[in-house]
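A.B. asks: Attaching a predicted model along with its sequence, questions to come.
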Amino acid sequence: MLKNIQEWTLLLCIFGISALFGNWLGYEIAPLSAVPGMIVLILICLAGFILSDLIPIQFPSVAYIAIIGILVSMPWTPGAEYIVTWTNEVELLALTTPILAYAGISIGRSWADFAKLGWRTLIVASLVLLGTFIGSALIAEVVLRFQGII
C-alpha cells in the first residue's frame, strides 16, 4: 500500500507541476498563487485513491475523489471558503491537458493490444475521434460567431 501511495503521489505531483505550468502559460495565473489550490486537489485525489484501495467495495476511485471534493467544498465544512478560493486559481483546462496527454501516451503504448480488438474497434474509435473533433469545431464556431469574435 505504501508503494502505491508513493507512486500516486509522484504521478499527481508531476501532473500538478505540468498543470501549474499550463495554468501560467494559458491563463496567466502565477504558479505561486495556484500552488495552494493544486496541493488541495492533489490531496483530494490521493485521499480518493487511498479510500478506493482500503474499502473492499468495487467503487471507482474517481467517485471517491468526486465525493471528497464535494464534501470539502460544502459551505458547512470548516475551511471550505479557503479551499474554494485556492482551487479557483487552478483552471480546469490546465488540469485536463496533462491528463489527456498521459491517456494518449498510454493508448499509444498499447496500440498493439488495441488493434487485437479487431478492425471494427479501430473504425469505431476513428469515427468517435472524428465526431468529437467535428463536434468541438462546430461548437467553437457557433460560440465564436455568437460572441462576434469571428
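C.D. replies: Arrived safely, thanks for sending. Numbers count the residues shown, from 1 in each chain.
A.B. asks: where do the helices sit along this structure?
C.D. replies: 2-27, 31-54, 61-72, 80-87, 92-109, 111-115, 119-146 (DSSP state H).
A.B. asks: Relative to residue 96, how far out is residue 28?
C.D. replies: Between residue 28 and residue 96 the computed distance is 18 Å (C-beta to C-beta, to the nearest Å). (C-beta placed from N, C-alpha, C; glycine too.)
A.B. asks: let me fix that: residue 13
C.D. replies: From residue 13 over to residue 96 (counting by C-beta to C-beta), the distance is 17 Å.
A.B. asks: quick one: which of the helices of the chain has the weakest pLDDT on average?
C.D. replies: Sorting the helices of the chain by mean pLDDT places helix 111-115 lowest, at a mean of 67.
A.B. asks: got the contact list for the spatially most central residue of the chain?
C.D. replies: Closest residue to the average C-alpha location of the chain: residue 96 at 4.3 Å, with C-alpha atoms, centre = their mean. By C-beta atoms under 8 Å, 6 or more residues apart in numbering, the contact list for residue 96 is empty.
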